[in-house]
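Q: Sequence and predicted structure, then a few things I'm wondering about:
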Amino acid sequence: MERETLHGWNLTPTEAVALQRELRERVVLRVPEGWKVERVAGADISMSRGEPWASGGFVVLDAQTRAPVAQASAVTRLSFPYVPGLLSFRELPVLEEAWARLEVRPDLLIFDGQGTAHPRRLGLACHGGLLFGVPSIGCAKSLLVGKHGPLGEERGAVADILHQGEVVGRAVRTRSKVAPVYVSPGHLMDLPTAVEWVLRMTSRYREPETTRHAHRLVNEVRRAALADKARTWDE
DNA sequence: GCGACAG
DNA sequence: ATCTTGTCGC
């Protein structure tokens, strides 16, 4: 029988590391045959200072016009601490709930974090791609592992990210004279295609429009949830 | 043992 | 990630 879920989330950090070593074997670093992209989605989560809960969500954009066509969000308790290298175990539970509410399926997912540019080659984007079964890309604002040489200062300039002798991603300048973003494939994805899509979804700002929309959505949802909590407090 | 360390 | 106002620069 086919399993309904990839795995549960009730894990300790040690168990999570072991699970990553198993899941990495399932990651496919090439795009599906005949793959066409009509819709691209951005995913993100947001949390309040010391609160044990977070909002998470997706915004789906038309790949051609970059106009938002659908969105979904959720608010859940955070069940896993932030541990560098284990970010997906903190962020994916709430995203899984938001995904269940998303009525329009994207052909591509862009995550705010690493894909293969990860100590065990299983960053947030790889794990998320496996979980949702959709081609995915990791586009982070800073590096987790690896180094890269200098890159040109114009938009479109790139430099390979090397880790343990492997090219695990690319630093990509999405805006001239602005710090680069770090792109790496997630699942059902390859590096050149990942870079191509990040540049395609970027124009005026450093980060892809997908990420910016998702960021805005989850922040609004979190503030609404916070206001709701305050209302319950003094009533 | 000493740093580094996505969000 | 989040806490936060003004401010430097194209």
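A: Cool, got the structure. Residues are numbered from 1 along each chain as shown, chains lettered A, B, ... in the order given.

Q: and stretch A:161-172, which residues are buried?
A: Neighbour counts over stretch A:161-172 (16 or more other Cβ atoms under 10 Å) mark A:161, A:162, A:163, A:168, A:169, A:170, A:171, A:172 as buried. Heads up, the C-betas are built off the backbone N, CA and C, glycines and all.

Q: which residues sit in contact with residue A:131?
A: A:6, A:92, A:96 (Cβ atoms under 8 Å, 6 or more residues apart in numbering).

Q: swap that for residue A:190, please
A: A:29, A:30, A:31.

Q: closest to residue A:78 among the residues you listed?
A: Of all the contacts of residue A:190, residue A:29 has the smallest distance to residue A:78: 30.0 Å, by Cβ to Cβ.

Q: what are the phi and psi values for that closest one?
A: Backbone torsions for residue A:29, taken as degrees, to the nearest 10, come to phi -100, psi 50.

Q: Would you check how far apart it and DNA strand C are?
A: Here residue A:29 is placed at a distance of 26 Å from DNA strand C (Cβ to the nearest atom of the strand, to the nearest Å).

Q: do residue A:56 as well
A: 11 Å.

Q: One more: residue A:20?
A: 20 Å.

Q: Ok, residue A:92 next?
A: Noted for residue A:92: a distance of 14 Å to DNA strand C, by Cβ to the nearest atom of the strand.

Q: Need the three-state assignment for that residue.
A: helix (DSSP: H, G, I helix; E, B strand; the rest coil).

Q: so what's it up against?
A: Contacts of residue A:92 were listed using Cβ under 8 Å, 6+ apart, and they are A:9, A:124, A:127, A:128, A:131.

Q: Could you turn the buried ones of those residues into a ChimeraX selection?
A: The buried subset of the contacts of residue A:92, as determined by 16+ other Cβ under 10 Å, is captured in ChimeraX by this line:
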select /A:124,127,128,131
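
Q: re earlier: name only those of the contacts of residue A:190 that count as buried.
A: By neighbour count, with 16+ other Cβ under 10 Å, those hold A:29, A:31 as buried.

Q: can I get the contacts of residue A:190 in CSV with pLDDT?
A: Putting the contacts of residue A:190 into CSV (pLDDT from 0 to 100) gives the following:
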residue, pLDDT
A:29, 98
A:30, 98
A:31, 98
